[in-house]
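*Asks:* show me how the following folds:
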Amino acid sequence: MEKRLNAIVLGIGNPLLGDDGFGVEVARQLKDTLDDIEIVDGGSQGLYLLPYLQGRTHIIVADAIAFGGQPGEIVKLDAAQVPAKLRHKISEHQIGFNEVLALLQLLGETPREFLFFGVQPKHHEWAAPLSDEVAAAIPQVVEQIKTHVQSWGMGQAKERKGDYGTNGNNGTDGTDCLRTLPFVPFIPSVP
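*Replies:* As a prediction, the model looks like this:
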């Protein structure tokens, strides 16, 4: 018997740092169009994303990544193309998404399907809006993600019933399906 789909679309990045907000904006736009799939604004939570990814059969991630392309250029990677590595860290604040993927593998929780949509940023300036190039890439990535999600038999078009807040619902009852993760401060332990 095939395991039921448990899918998530995760937008990550920091919208206060210009083009780094790409993934978060993709998640915000998807929440208005897709139903019956959890969409998460993961911000820049690093290690704190792990519980949201555990047990998932299908994962799609959107993020701004420097891969040497032209600003606004889109790259689509599968699990084999995204390095899952653990590196020596001085602080838990240094944990990136590669380490989160490595931890998923160590826990034996590798999803059946993993897709990563990246865009080449133009800038990471404090309090700057998205560059025109990166903003222009968002609708393309949103459409590609919708196509993938619908190929899984999920993500039917959402029927809008008015203004929605961000209540953390998964969208199955006709309400908002964007979950914004809370800020989790680091509190060092004192010996």
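
*Asks:* so how many other residues sit close to the closest residue to V142 other than its chain neighbours?
*Replies:* Counting by CB to CB, 6 or more residues apart in numbering, V142 lies nearest to Q29, which is 5.0 Å off, once chain neighbours are set aside. Just so you know, the C-beta spots here come from the backbone N, C-alpha and C atoms, and that holds for glycine as well. Neighbour count for Q29, taken as other CB atoms under 10 Å: 20.

*Asks:* residue contacts, Q29?
*Replies:* By CB atoms under 8 Å, 6 or more residues apart in numbering, the contact set of Q29 is I138, P139, V142.

*Asks:* isn't there a strand covering F117?
*Replies:* Yes. The assignment for F117 is a strand, going by DSSP: H, G, I helix; E, B strand; the rest coil.

*Asks:* run through the bridge partners of it.
*Replies:* Beta-bridge partners recorded for F117 (DSSP bridges): A62, K76.

*Asks:* neighbours of it, how many?
*Replies:* F117 has 25 neighbouring residues, counting by other CB under 10 Å.

*Asks:* for it, give me its contacts.
*Replies:* V26, I60, V61, A62, D63, I74, V75, K76, V141, Q144, I145.

*Asks:* which one of those residues sits closest to I8?
*Replies:* Using CB to CB, I60 comes nearest to I8 of the contacts of F117, at 7.5 Å.

*Asks:* phi, psi for the closest one please.
*Replies:* phi -120, psi 130 (degrees, to the nearest 10).

*Asks:* what about the helices in this protein?
*Replies:* Using DSSP state H, the helices assigned to the chain run over residues 22-31, 50-53, 97-106, 132-151.

*Asks:* looking at these, which is nearest to G69?
*Replies:* helix 132-151 (10.4 Å).

*Asks:* show me what the closest one is packed against.
*Replies:* Helix 132-151 sits against strand 7-12, helix 22-31, strand 58-64, strand 74-78, strand 113-119, with contacts defined as 3 or more CB pairs under 8 Å, 6 or more residues apart in numbering; DSSP states H and E.

*Asks:* on that earlier part again, let's have the contacts of Q29 in a markdown table, adding neighbour count, distance to Q150 and pLDDT.
*Replies:* Listed next are the contacts of Q29 as a markdown table, based on neighbours: other CB atoms under 10 Å; distance: CB to CB, whole Å; pLDDT from 0 to 100:
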| residue | neighbour count | distance to Q150 | pLDDT |
| --- | --- | --- | --- |
| I138 | 21 | 18 | 98 |
| P139 | 11 | 16 | 97 |
| V142 | 22 | 12 | 96 |
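
*Asks:* mind checking which helix or strand of the protein has the lowest mean pLDDT?
*Replies:* strand 178-180 (a mean of 59; mean pLDDT, DSSP states H and E).

*Asks:* burial check on the closest residue to S44 other than its chain neighbours, number of neighbours?
*Replies:* Residue nearest to S44 in three dimensions, not counting chain neighbours: N14, with 4.6 Å by CB to CB, 6+ apart. Under the neighbour criterion other CB under 10 Å, N14 is assigned a count of 16.
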